[in-house]
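>>> no sequence for this one, just the structure:
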């Protein structure tokens, strides 16, 4: 472990080198049990937790971390060792480094698959699940309620693998233009609810990300499913979804909630894939109620941010 920084008693950031050489960035904020772990979406370095992270950090130890090749985490020397096959072991090691034997796992988008697979492999370490705007598996099959991306993906991946530098320049050029940000807000999010400054960090990170890492991680997601495990989830579970989410359509969340025993569903009528940023107050209050009612946590977090 290296690079520990103590800005305050309740904040720590560090990196952990795993056996195959990847350096995994993580930060820990706050104190109090149960601990909380935040698992990002694909191509993300934490933008979705802008409001929920400080909210939870008032009364809980909260761990935020970056997957291989995301954010401040590096990739191993063998660059094929990227994706879902490694995330659960990575997370277990990062939790150890953060001093969390058990925690409530929060997952957004890809993080839903990560959280469910982690429960499959490390059930004793999971006290609860909060699954936000994500699928239980094979997201290319349902993206925009179409299989078009699934059919195009092999060609796209091949092009990226063959011309990584050209792809990186093209992606960086496109994602750093204001036009793309505005189009994404209007076409994929709810422009009446999302703030431009809340979404911009996602494009900034994605523009800097290695496109080969992105497509290899996406390929691993496309071939992974936790559907068979849902009926074996034995911890309190809250599913949060956006009715207008086009990345992971709301019906997927309903289906997931129906299959997970005694789970709860919050369907946000005007919400999209970025619901935690669009209606943060609603999400926070629902999470607080879930923690209180299902895990016996005295939150006391009500009131303005």
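That came through, no problem. Only a predicted model underlies this, so the values are computations on that prediction, with no experimental measurement involved. Numbering: from 1, shown residues only.
>>> got the buried residues for stretch 170-181?
For stretch 170-181, a neighbour-count test (16 or more other CB atoms under 10 Å) marks 171, 175, 181 as buried. Yep, even glycine has a C-beta here, placed from its N, CA and C like the rest.
>>> List the contacts of the first one.
Okay, so that is residue 171. Contacts for residue 171 (CB atoms under 8 Å, 6 or more residues apart in numbering) come out as 206-207, 211.
>>> Then the last one?
Under the criterion of CB under 8 Å, 6+ apart, the neighbours of residue 181 are 196, 199-200, 203.
>>> three-state assignment of it?
Judged by DSSP: H, G, I helix; E, B strand; the rest coil, the three-state class of residue 181 is helix.
>>> ok, it to residue 160 distance?
22 Å (CB to CB, to the nearest Å).
>>> likewise residue 16?
To residue 160, residue 16 is 28 Å away according to CB to CB.
>>> Please report how far residue 139 lies from residue 148.
Taking CB to CB, one finds residue 139 at 13 Å from residue 148.
>>> With neighbour numbers in mind, choose between these two.
Legend: neighbour count by other CB atoms under 10 Å for residue 139 and residue 148, higher for residue 139 (24 against 11).
>>> Out of the contacts of residue 171, list just those in strands.
With DSSP state E as the criterion, strands contain none of the contacts of residue 171.
>>> what residues are up against the most centrally placed residue in the chain?
Geometric centre of the chain, nearest residue: residue 40, 2.1 Å, by CA atoms, centre = their mean. Neighbour list for residue 40: 46, 48-49, 66-67, 70, 108-111 [criterion: CB under 8 Å, 6+ apart].
>>> where does the residue nearest to residue 256 when sequence neighbours are not counted fall, phi/psi-wise?
Spatial nearest neighbour of residue 256, excluding adjacent residues (CB to CB, 6 or more residues apart in numbering): residue 136 at 5.1 Å. Backbone torsions of residue 136, given as degrees, to the nearest 10, read phi -80, psi -10.
>>> Same question for residue 147.
The phi/psi pair for residue 147 (degrees, to the nearest 10) reads phi -100, psi 10.
>>> Equivalent analysis for residue 239, please.
phi -110, psi 130.
>>> what's the neighbour count on the residue nearest to residue 256?
Other residues near residue 136 come to 25 when the count uses other CB under 10 Å.
>>> what's the answer for the one 10 residues further on, then?
Here the number of neighbours of residue 146 (other CB under 10 Å) works out to 12.
>>> same thing with residue 194?
Using other CB under 10 Å, residue 194 has 21 neighbouring residues.
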